[in-house]
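>>> Let's see this in three dimensions:
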Amino acid sequence: MPWQEGILRRQAARESSARTYARALPIVPVRARGMTIEGADGRRYLDCLSGAGTLALGHNHPVVLEAIRKVLDSGAPLHVLDLATPVKDAFITELFRTLPAGLADHARVQFCGPAGTDAVEAAFKLVRTATGRDGLLAFTGAYHGMTSGALEASGNAPDVRVARLPYPQDYRCPFGVGGDRGAELAARWTESVLTDPKSGVPHPAGMILEPVQGEGGVIPAPDAWLRRMRQLTADHSVPLIVDEVQTGVGRTGAFWAVEHSGVTPDVMVLSKAIGGSLPLAVVVYHEDLDVWEPGAHAGTFRGNQLAMAAGTATLAHVRENGLADRAHRLGDRMLTELRRLRTDFTCVGDVRGRGLMIGVELVDPSGEPTPKQHPQPTENPTPADRTYEPLPPAPELAAAVQRECLRRGLIVELGGRHNSVVRLLPPLTITDEQATAVLDRLTDAVQTAARTHTQTRLRP
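Residues are numbered from 1 along each chain as shown. Next up, the predicted model:
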């Protein structure tokens, strides 16, 4: 439609060249409900981006709309800085009801700026104030936001003021072994940094990690490794900060991703889904760290009443309807189906994820070794399984798959170290029928892109 094309042209002419999603997804959404977005041209899309994980209940869920309308109709103030309100009280009560065991009874909450990166900055300031130390430990492949402090702890940091540690993974294990052995080596590296007086890393103020790296390529942390990080940080009096901005509110098959490992962190950074689609971010932390002076951290928009109301409704709906358990079951089914792509296509290097946080890594199969040298990846590789090097990433192929998905009415995101991972973040309300449609469209897109853009072949 001409007017839709005009909107896209004006966006390209007037908006910053830093815009991202609009480049790969040249659509103009005008209506949305649940998992479905309708563009100005009348086309409908299944949305597996979900506001980068923000829309736990999908677009315009009735319980979210009702919560927002209730606040609007009540005449309550919409902007209150950090004053106490019934809306805020209800939000905190529901949030604390969901927190991991061991934290809720000793927790404090800090409302900060409205984005996850604001909460990360606040968490860094918190642990630095509480410990009197300055340095931080973070992990390769991490993503914690776009403000300066958060970027320093992310995988593409422009400097090295934050010490970087290896994050365990199987397909591209930094030690070339993967599995339990790779995770053990990563843990030993971290232990040596904390215990070796000549490591070159001063005693840090905190460690920050993601239970599942999202932008890093959908890489779940092994539960045993995460428990080891908890033990090491506790032994050395280093506060453990867990970034649950994208993994929280049922996304990975548990309400909070750390619950898979039974870990209770000292600090949790929360945003995205906790606002029920509206901007909201908080830091939840153990009361022993609460040494801030009044005004030590603030933010003009920390009292977003509509977001708190929408967030309360979202948290309660996920909890009361067992949507985390459903994400676990449906995610397992989708991963099982998608792993057939790895079996069928040489350009699919790995399929991984947890719950409804799923990644498909595209690779360049042109120089693939013989099948004997390149065995099929196993669920839990041992050193004996890893007799090969992972194939080179294929970002152009991944972009082609994303385009083919869009042509089929499926919105997906890309991520990973080289932007070669197709990411799925569907809402927790996705139906079985919608899940089947997503799998069918993605499979068809991979087949078409592989045939058109590579020399890939079906595996024998």
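>>> rest of the way, CA atoms for contacts and neighbours
Noted.
>>> Mind checking what helix or strand follows the lowest-mean-pLDDT helix or strand in the chain in sequence?
For the chain, counting by mean pLDDT, DSSP states H and E, helix 148-152 ranks last in confidence among helices and strands (a mean of 71). Using DSSP states H and E, the helix or strand that directly follows helix 148-152 along the chain is strand 163-165.
>>> Run through who's touching that following strand.
Strand 163-165 is contacted from outside by Gly135, Leu136, Leu137, Ala138, Phe139, Thr140, Ala186, Trp189, Thr190, Val201, using Cα atoms under 8 Å, 6 or more residues apart in numbering.
>>> Which of the residues you listed sits closest to Leu46?
Thr140 (32.0 Å; Cα to Cα).
>>> Can you report how many residues neighbour the closest one?
21 (other Cα atoms under 10 Å).
>>> likewise Thr314?
26.
>>> which of the contacts of strand 163-165 are buried?
Gly135, Leu136, Leu137, Ala138, Phe139, Thr140, Ala186, Thr190, Val201 (16 or more other Cα atoms under 10 Å).
>>> Just flag the most distant two among those residues.
Maximum distance among the buried ones among the contacts of strand 163-165 (Cα to Cα): 19.9 Å, for Gly135 and Ala186.
>>> what about Gln213, distance to Pro166?
Plainly put, Gln213 is 12 Å away from Pro166 if you go by Cα to Cα, to the nearest Å.
>>> how much space between Val282 and Gly116?
From Val282 to Gly116 the distance is 8 Å (Cα to Cα).
>>> so where's this structure shaky on pLDDT?
Within the chain, the ranges that satisfy pLDDT under 70 run 1-2, 151, 155-161, 367-388, 454-460.
>>> hmm, back to that, what is in contact with Val282 and Gly116 at once?
Val269, Leu270, Ser271.
>>> With adjacent residues omitted, what lies nearest to Val351?
Val360 (4.6 Å; Cα to Cα, 6 or more residues apart in numbering).
>>> right, and the one you found touches Arg340 too?
No: using Cα atoms under 8 Å, Val360 is not in contact with Arg340; the gap is 11.2 Å.
>>> Mind checking which of those two has more residues around it?
Val360 (27 against 13).
>>> how far away is that one from Leu55?
In terms of Cα to Cα, Val360 sits 21 Å off from Leu55.
>>> One more: Gly415?
The value you get for Gly415 to Leu55, if Cα to Cα is used, is 18 Å.
>>> Look at these two and report which has more neighbours.
A count of neighbours by other Cα under 10 Å puts Leu55 above the other of Gly415 and Leu55, at 27 against 20.
>>> pretty sure that one is in a strand, no?
No: counting by DSSP: H, G, I helix; E, B strand; the rest coil, Leu55 is not part of a strand but coil.
>>> residues contacting it?
Residues near Leu55 by Cα under 8 Å, 6+ apart: Lys272, Ala273, Gly276, Ser277, Pro427.
>>> Without its sequence neighbours, what residue ends up closest to Phe255?
Phe255's closest residue in space is Val249 (Cα to Cα, 6+ apart), at 4.8 Å.
>>> in which helix or strand would I find that neighbour?
Per DSSP H and E, there is no helix or strand for Val249.
>>> neighbours around it, how many?
Neighbour number of Val249 under other Cα under 10 Å is 31.
>>> i'd like the first residue to be 59 from this point on
Sure thing, new numbering starts at 59, so read that last one as Val307.
>>> Leu455 versus the residue nearest to Gly467 when sequence neighbours are not counted, what's the distance?
Once flanking residues are discounted, Gly467 sits nearest to Tyr103: 4.3 Å by Cα to Cα, 6+ apart. Noted for Tyr103: a distance of 21 Å to Leu455, by Cα to Cα.
>>> Compare the two and say which is more crowded by neighbours.
Leu455 (24 against 21).
>>> Buried by neighbour count: which residues of the host helix or strand of the more buried one qualify?
Using DSSP H and E, Leu455 sits in helix 453-465. Judged by neighbour count (16+ other Cα under 10 Å), helix 453-465 contains these buried residues: Pro453, Glu454, Leu455, Ala456, Ala457, Ala458, Val459, Gln460, Arg461, Glu462, Cys463, Leu464.
>>> got the contact list for the second one?
The one in question is Glu454. Applying Cα under 8 Å, 6+ apart, the residues near Glu454 are Ser478.
>>> Would you confirm that Ile299 contacts Val321?
No: between Ile299 and Val321 there is no contact under Cα under 8 Å: 11.3 Å.
>>> quick one, which of these two is more surrounded?
The residue with more neighbours, out of Ile299 and Val321, is Ile299; 27 against 21, by other Cα under 10 Å.
>>> neighbouring strands for the strand or helix carrying that one, and are they parallel or not?
Counting by DSSP H and E, the element that carries Ile299 is strand 298-301. Its sheet considered, strand 298-301 pairs with strand 264-267 (parallel), strand 325-328 (parallel) by DSSP bridges.
>>> can you list the residues that contact the first one?
Taking contacts as Cα under 8 Å, 6+ apart, the residues outside strand 264-267 that touch it are 182, 185-186, 193-197, 200, 211, 291, 296-301.
>>> same check, this time on the last one
With Cα under 8 Å, 6+ apart as the test, strand 325-328 has contacts from 174, 177-178, 181, 297-303, 306, 339-344.
>>> Give the next helix or strand downstream of that strand.
Immediately after strand 325-328, counting by DSSP H and E, sits strand 340-344.
>>> Can you list the strands that that next one pairs with?
The sheet places strand 340-344 alongside strand 165-169 (antiparallel), strand 325-328 (antiparallel), with pairing taken from DSSP bridges.
>>> ranges for the helices of the chain?
Taking DSSP state H as the criterion, the chain carries its helices at 60-72, 79-82, 108-111, 120-132, 144-156, 174-189, 206-210, 237-253, 281-293, 363-378, 381-402, 453-465, 490-511.
>>> Now do the same contact list for the residue nearest to Val409.
So Val418 contacts Leu396, Val406, Gly407, Asp408, Val409, Arg410, Val479, Val480, Arg481 (Cα under 8 Å, 6+ apart).
>>> Chain neighbours aside, what residue packs nearest to the fourth one?
Same thing as Asp408. Glu419 (5.2 Å).
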